[in-house]
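1. coords please:
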Amino acid sequence: MKCRMPNGEGRRALALACLLSVTACQRAEEPAPATNDEYAITVTLSTNRILIGDLVHARVDTTHPVGTRVELPDPAGTEAMVVRQRRTASRPVDEERVRTTHHYTLTSFQLGAHPVATGEVRFVSTETDPVMREYPETVLDVVSALDDDTVEPSPIKPVLEWPGRFPRWVPVMIGIGLLALAIGLLVARVLSKPRTILHQAPPRPAHETALNALRMLLGKRYIESGQVDPFYTELSLIVRRYLEDRFHLRAPESTTEEFIRDAANARVLTADHQALVRDFLEQSDLVKFARYRPGPGDMQEAYASAERLIRETTEERKEPA
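-> Next up is the predicted model:
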């Protein structure tokens with residue numbers, strides 16, 4: 001059997017078929033590009049059209065390997081964006097990946113279409129070199145309220161003549177203010193007048209308080225029951241308080257006996273009254289320090305001495321004019 005060689009056109013067709021088969025084999029040997037990138041970025045806006053000064057919420061989701069830090073371009077880096085609030089949260093996707101979500105509350109005071117952020121996203125890891133990804137293109141359209149068809153412009157107001165109509169509430173407010181001023185002046189005048197009807201009761205004289213205390217001491221019947229210590233203690237205290245109130249003497253750090261002795265040596269008492277106080281103190285000291293136990297007669301005499309001192313040094317009261 002004889003084989004015939006192809007002519008010129010057949011040869012060219014055969015060569016082309018061989019070239020295509022070789023190219024197909026080479027392409028089949030190359031690996032297919034990876035479609036599942038471990039570094040993913042998604043940007044979501046609550047709305048892409050706002051009025052000037054309105055708020056918009058932006059959410060940036062990034063998926064990256066565990067142990068990688070995400071560095072986003074700051075929206076405040078653009079001139080048109082203003083960041084009101086920001087927060088970040090992360091949660092695991094699986095054993096090898098983490099999803100980090102950045103929340104922004106943005107606004108703008110410039111009209112036009114503005115990108116939310118520009119630049120690259122950096123995924124930084126201590127084990128490998130930083131990985132760079134382009135920030136997804138996200139545009140926010142800021143419009144004016146005057147461009148909104150739902151807002152109707154207010155009609156032009158006519159020119160007002162000056163002076164205009166006087167409001168009715170102005171005279172009413174002026175009248176109320178004058179009435180309040182008149183009431184305030186009247187109350188101040190009444191309160192500034194001296195009181196001639198109501199008088200404060202004068203303080204009780206010192207001798208009346210002391211004599212009343214002596215009567216209460218006598219009613220306790222210390223003399224009849226022979227209770228020497230409480231009798232002389234209370235009697236000395238009554239005399240001390242009387243001398244303090246009567247002659248305006250103050251000695252808070254001294255004992256009752258020391259105070260009465262100092263008052264006896266002062267010039268506020270006469271010689272007879274000083275001698276009377278000394279006799280009273282000597283008997284009190286004997287009872288307190290020498291364990292002296294006087295009888296009912298001595299106790300009655302000490303009581304009488306204290307009463308006599310109070311009555312003879314009583315201050316003369318002057319009746320008010």
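2. how far is stretch 52-60 from where the chain is centred?
-> Here stretch 52-60 is found 33 Å from its chain centre; the criterion is Cα atoms, centre = their mean, to the nearest Å.
3. With stretch 237-249 instead?
-> With Cα atoms, centre = their mean, you get 51 Å for stretch 237-249.
4. what's that stretch in contact with?
-> Surrounding stretch 237-249, the residues in contact under the criterion Cβ atoms under 8 Å, 6 or more residues apart in numbering are 206-207, 209-210, 213-214, 217, 250, 256, 259-260, 262-263, 266, 268, 277, 280, 306, 309-310, 313, 315. All C-beta atoms are positioned from the backbone trio N, CA, C, and that covers glycine.
5. What are the buried residues along the host helix or strand of residue 212?
-> In the assignment (DSSP states H and E), residue 212 maps to helix 206-219. In terms of neighbour count (16 or more other Cβ atoms under 10 Å), helix 206-219 has its buried residues at 206, 207, 209, 210, 211, 213, 214, 217.
6. Neighbouring strands of the helix or strand harbouring residue 84 in the sheet, and parallel or not?
-> For residue 84, the element it lies in under DSSP H and E is strand 81-92. The pairing partners recorded for strand 81-92 under DSSP bridges are strand 97-108 (antiparallel).
7. now whichever helix or strand comes after the strand it pairs with, how far from the centre of its chain.
-> Remark: after strand 97-108, the chain's next helix or strand is strand 112-115, criterion DSSP H and E. Distance, stretch centre to chain centre, for strand 112-115: 43 Å (Cα atoms, centre = their mean).
8. looking just at contacts, which helices and strands does strand 112-115 meet?
-> The contact analysis (3 or more Cβ pairs under 8 Å, 6 or more residues apart in numbering; DSSP states H and E) places strand 112-115 against strand 139-143.
9. Name the residues of the strand it packs on that are buried.
-> For strand 139-143, by 16+ other Cβ under 10 Å, it's 140, 142.
10. where does the protein have low pLDDT?
-> Of all residues in the chain, those with pLDDT under 70 make up the ranges 1-37, 147-154, 159-166, 194-201, 251-253, 266, 316-321.
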